[in-house]
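Participant: Pasting the sequence and the predicted coordinates here, then a few questions.
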Number of protein chains: 2
Amino acid sequence: MRILVQKFGGTSVADLTCMRQVQAKVEKALADGYKVVCVLSAMAGETNRLLTLAREWSSRPDPSEQDVLIATGEQVSVALFTMLLRDAGWKARSVLGFQMPMHTDNDYGKARIMNIDSDRLKQMLDEHEVLVAAGFQGCDECQRITTLGRGGSDTSAVALAAALEAERCEIYTDVEGVYTTDPNLCSRARKLDRVAYDEMLEMASMGAKVLQIRSVEFAKKYNVPVLVRSTFSDASGTLVTKEDPSMEEVKVSGIAYDKDQARVTLREVPDRPGVAAAIFGPLADAGILVDMIIQNVSREGRTDMTFTVSRSDLERALEILQSVAKEIEANDLIHDLGVCKVSVIGVGMRNHSGVAGTAFRALTAENINIMMISTSEIKISCVIEEKYLELAVRTLHDAFELDKQSAED
Amino acid sequence: MRILVQKFGGTSVADLTCMRQVQAKVEKALADGYKVVCVLSAMAGETNRLLTLAREWSSRPDPSEQDVLIATGEQVSVALFTMLLRDAGWKARSVLGFQMPMHTDNDYGKARIMNIDSDRLKQMLDEHEVLVAAGFQGCDECQRITTLGRGGSDTSAVALAAALEAERCEIYTDVEGVYTTDPNLCSRARKLDRVAYDEMLEMASMGAKVLQIRSVEFAKKYNVPVLVRSTFSDASGTLVTKEDPSMEEVKVSGIAYDKDQARVTLREVPDRPGVAAAIFGPLADAGILVDMIIQNVSREGRTDMTFTVSRSDLERALEILQSVAKEIEANDLIHDLGVCKVSVIGVGMRNHSGVAGTAFRALTAENINIMMISTSEIKISCVIEEKYLELAVRTLHDAFELDKQSAED
C-alpha cells in the first residue's frame, strides 16, 4: 500500500472554491495510485473566531474547555471536505483526533503527541481510498480533547506520515516552497529544491513561517520526507529531507532573520562560580527562553554578561533581573530593543571553512556593526542594529551568491 | 448521591445573557445539594447554519459526515458553558457523546440510543459537581459520531436521567409548561401541574412542541419524572409522570390539534380479502405514515376507503395510489387538503363514559361537521374542515371546563 499524507492549511480550505483546488490535489495523488491521508486545518479565521468567543465568555478560559471549543474548527473542515469527496464517488471518511486515536499528553492548548494507533488507521485505509484527518487535535489518556498549539496541523501530518510509513508528507500552503531568504525583504530570493532537516529547523526557529518547528523535529526523528508546495499552483515545491553528500557541496542554503529580539546586559558582574546559574536559573523558572549568551573575558574580577530574549518576555525578564542584579552585586542592568538577528545557514558549513569570514567581511563592508556572534555547526548568527536588517539580509544573500542555482540543483 | 438532570434548549443557550440564566438554574440545584448533569443543545440557529453550510457544499450531504458537522454545535455550547461554571469556581467538565459514551445505532441523522455507560458517568460525577453534557449526539460501535434527530437533546437528557437513576429530569424551555391546549389558539388555556406519560405522548404526536415524542417514550419506559419548565421564570412547570389514581378523576387533560393532515379516499373499492394490504402495503414500503383509516360498510360488494396522511407525503401517496387504484379496480381517487384533526386527551377517559358524547355534542352545536372519528383508550380524534380548527379547539376546551382548576390540582 503506497500512502501519501497531504496537509492543507487554513487558507487552502477557506471556502468551497479553495477546497476544489484541494480536491484536485487529492485526486491527482489517487490517480497516481496512492492511498491518501488528507490532513486539514480549520477554515481560515475560524480558530481566531472561536478564541475570541472564548474570551468574550471568560477572562481566562479554562484550557481544556478551550480545546473542546477550538477543535470544532477542524471538525467542520473535515466533514465538509469529506462530503465533497464522497459526492465525487471516492471512498472517503473523516477521522477526528480521538478516532485515530492521536494520543497526546494533557497539556491542553499545547499538547505533545505520545503515540498514534497505526493499526487502526491502516485498517481504515484498507477500507477507504482517502482518510480526511482533523489536524491540530488529539486526545489524552482520559479521552479528553487536546490541541497541539498553533501550527499543530503540520505536526499532525508529519506524525501521521511517520506512523503510517507514508512515502512522503506534502505540506500545502500559500507559498511555493522554502526560499533562500524572505522574498519580501530580498527580491533575489530563490526557491530551494531541497533543504536538510537541520537547515529547516534553523530557519523555522528564526521565524520562517513555512513549517512549524515541531513538525520538522518530528520529520527528522522519523526520517519523513516533507514536500512543501503551493495549493494554488503546480510548482514542484521544496523537499525537506535528510542530508546527503551533494547537499554538503553547497556552503550556504539560506539567510534567516529574527526581529523578535531584545538585548539585556548585566554590567560588571563578579566573575565567580555560580553566577551564570544565579542569572539564568530564575529566568528559566519563569519560562523565559534565553537565546544568545555572551560573557566577555573578565577584567579585575568582573565581567559583562549579555544575552537576548524575546521582546514579549523583556518586561518580565527585567523584573526578575533587578533582584538578581542586587543579589549577585552586578553594577548595572541595561537593555536595548533596537536589535535583530541575522543568520547564515547551511549544512555545507561543516566541511567548508571561510563562511564566517565571508559573512563578517560582507557586513563590515557595509559598515554594519556586529554586536553579538554565536555559531553552531550549521549556522552563524549575528545580532545587529535593527535598522540594518534589510541591508544585512541582502548583503549576505549576495555574498553567498544565493540567487544563483548551485551545481547540484 | 442525589442527581438532577437539567436540559436547556437552543433559545436558553442563545447567548451569554441567556447562559447566565442557565447558570442560575444549575447553581440553584447545586445549592439544593444535587450533583447536576446539565444537557445542552446547540445555540439557537447554529444547527440550521451548519445544515445550510452542508447543503452549499453538497446537494445530498453524506449523512455520517453531516453528523460530524452538526455535532460541533453542541460541542461549542458545552465548552463555553463549562468555562462559565469553572470561572465561578465549580468543579465542572464538558462531556461529549463519545466520552459518555452514549452508544447508538448507526442510522446517521436519526440514530437511536442503544446504551449509556453509567459506570463511567458516575465516576465522572464522583470527581465533579457538574457534568455539562452535549445533547443530540452519540457514537456508534465504530466510535463514529451520530446525532439523534431534531429535538434529540430531550431524549439525551431523559436517557441520561434513566442511566444515572436521577431523581428527576428537568426540561427547560421558553414556555412555562404543558398547557390544556395551545395558548395561541385559546386564551383560556391553562398550565397543567401534572400530566401522564400517555397523555403527553398523545399531545406530542399531535404536534405539541414542548417535548420530543421519543423522549416521552423513554421517560415512560424507564419511569423518569420529567419536569417541563421555563429558563426565564421561576414558575413551577408541569410534571410529566406515571399515572396515579388522582389523575383518573380528571376526565380530560387537554385538547390537541394537528394541521398537517390530508385526506385521501379510494371510492368504490371491491370489498374482498387483501384489498387493505394492496393499498397500505405500498404506502408503508414508501415510508408514508398513514394516520386515521376508515372503511365504510360495504354496499353492493364495494366500499369507500378513507384515510389521512401528512401533507408533505400527499403527492407521493397519490402517485402510488393511482397505480394501486387500477390494480384493485377502485372507481375513483379523491383527496382533500382542507382538513385538520382535533383530539380530546385524558387518561381519565378509561374510567369515565360520556366523553365522546360530550365532544360530539359540543362540535355539533357549533355546526362543525365531523368527517372522520378515531378513538383510543385515552383519546378521541375528529377530522374536521380546517376552517373550523380554532372554533373546535375553543369549543372543546369550554365543553370540558379545562380553564378551571380541577379538584386534585
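Facilitator: Received it, and whenever you're ready, just let me know what you need.
Participant: contacts and neighbour counts: CA atoms only from here.
Facilitator: OK.
Participant: what helix or strand does the closest residue to chain B within the stretch 301-409 of chain A sit in?
Facilitator: Going by C-alpha to the nearest C-alpha, chain B is nearest to residue A:316 of the stretch 301-409 of chain A, at 26.0 Å. Using DSSP states H and E, residue A:316 sits within helix A:314-328.
Participant: Tell me how many other residues crowd the residue of the stretch 301-409 of chain A closest to chain B.
Facilitator: Residue A:316 sits with 13 neighbouring residues when counted by other C-alpha atoms under 10 Å in any protein chain shown.
Participant: before we move on, what SS does residue A:283 have?
Facilitator: helix (DSSP: H, G, I helix; E, B strand; the rest coil).
Participant: Could you report the neighbour count for it?
Facilitator: Counted with other C-alpha under 10 Å, residues neighbouring residue A:283 total 21.
Participant: contacting residues for it?
Facilitator: Shown in contact with residue A:283 (C-alpha atoms under 8 Å, 6 or more residues apart in numbering or on different chains): A:289-290, A:317, A:320.
Participant: List only those of those flagged as buried.
Facilitator: For the contacts of residue A:283, a burial check counting by 16 or more other C-alpha atoms under 10 Å in any protein chain shown picks out residue A:317.
Participant: May I see the contacts of residue A:283 organised as a markdown table, with pLDDT and distance to residue A:189 added?
Facilitator: What follows is the contacts of residue A:283, written out as a markdown table (pLDDT from 0 to 100; distance: C-alpha to C-alpha, whole Å):
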| residue | pLDDT | distance to residue A:189 |
| --- | --- | --- |
| A:289 | 89 | 30 |
| A:290 | 91 | 30 |
| A:317 | 95 | 36 |
| A:320 | 95 | 41 |
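Participant: re the thing from before, so what are the sheet partners of whichever helix or strand comes after the helix holding residue A:316 and their directions?
Facilitator: Downstream of helix A:314-328, the first helix or strand assigned by DSSP H and E is strand A:332-336. Sheet pairing of strand A:332-336 (DSSP bridges) gives strand A:262-270 (antiparallel).
Participant: Can you tell me what sits against the strand it pairs with?
Facilitator: With C-alpha under 8 Å, 6+ apart, strand A:262-270 has contacts from A:301-311, A:314, A:325, A:328-340.
Participant: one step back: please read off the pLDDT at the residue of the stretch 301-409 of chain A closest to chain B from the model.
Facilitator: Note on residue A:316: pLDDT of 94.
Participant: residues touching it, list them.
Facilitator: With C-alpha under 8 Å, 6+ apart, residue A:316 has no contacts at all.
Participant: any idea how far it is from residue A:323?
Facilitator: 12 Å (C-alpha to C-alpha, to the nearest Å).
Participant: Strands of the stretch 151-300 of chain A, start to end?
Facilitator: Listed in chain order, the strands of the stretch 151-300 of chain A (DSSP state E, counting those that start in this stretch) span A:168-173, A:194-196, A:226-230, A:238-241, A:254-258, A:262-270, A:290-295.
Participant: which other helices and strands contact the last one?
Facilitator: Read that as strand A:290-295. The contact analysis (3 or more C-alpha pairs under 8 Å, 6 or more residues apart in numbering or on different chains; DSSP states H and E) places strand A:290-295 against helix A:275-285, strand A:302-309.
Participant: right, and those - which one's nearest residue A:46?
Facilitator: strand A:302-309 (31.1 Å; C-alpha to C-alpha).
Participant: what about the closest one, distance to the chain center?
Facilitator: 27 Å (C-alpha atoms, centre = their mean, to the nearest Å).
Participant: next one: stretch A:126-146
Facilitator: That offset, for stretch A:126-146, works out to 22 Å (C-alpha atoms, centre = their mean).
Participant: start to end distance for that stretch?
Facilitator: End-to-end span of stretch A:126-146 (C-alpha to C-alpha): 27 Å.
Participant: Show the average pLDDT along that stretch.
Facilitator: 97.
Participant: which residues of the stretch 51-200 of chain A score low on pLDDT?
Facilitator: Nowhere does the stretch 51-200 of chain A drop to pLDDT under 70.
Participant: Near chain B, which residues of it? Just list them.
Facilitator: Within reach of chain B by C-alpha under 8 Å from any C-alpha of the partner chain, the stretch 51-200 of chain A has these residues: A:54, A:57-58, A:60-62, A:65-66, A:68-69, A:72, A:75-76, A:79-80, A:82-84, A:86-87, A:93-94, A:99, A:143-144.
Participant: The residues you listed in strands, which ones?
Facilitator: Judged by DSSP state E, strands contain the following of those: A:93-94.
Participant: Buried ones among the residues of the stretch 51-200 of chain A next to chain B?
Facilitator: Buried by 16+ other C-alpha under 10 Å: A:54, A:57-58, A:61-62, A:65-66, A:68-69, A:72, A:75-76, A:79-80, A:82-84, A:86-87, A:93-94, A:99, A:143-144, out of these.
Participant: In this structure residue A:377 contacts residue A:349, no?
Facilitator: Yes: counting by C-alpha atoms under 8 Å, residue A:377 touches residue A:349, with 6.9 Å between them.
Participant: Neighbour count for the two, which is higher?
Facilitator: Neighbour count, other C-alpha under 10 Å: between residue A:377 and residue A:349, residue A:349 has more, with 23 against 12.
Participant: Quick one: residues contacting the more buried one.
Facilitator: The contact partners of residue A:349, taken as C-alpha under 8 Å, 6+ apart, are A:248, A:251-252, A:355, A:377-379.
Participant: Show me how to select, in ChimeraX, the buried members of the residues you listed.
Facilitator: Buried residues among those (16+ other C-alpha under 10 Å), as a ChimeraX selection:
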select /A:248,251,252,355,378,379
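Participant: measure the residue of the stretch 301-409 of chain A closest to chain B to residue A:286 for me?
Facilitator: Residue A:316 is 8 Å from residue A:286, by C-alpha to C-alpha.
Participant: ditto for residue A:322
Facilitator: 14 Å.
Participant: again, but for residue A:99
Facilitator: 36 Å.
Participant: So how do I select the buried members of the contacts of strand A:262-270 in ChimeraX?
Facilitator: Applying 16+ other C-alpha under 10 Å to the contacts of strand A:262-270 leaves a buried subset, and the ChimeraX line that selects it is:
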select /A:302,303,304,305,306,307,308,309,310,311,314,325,328,330,333,337,339,340
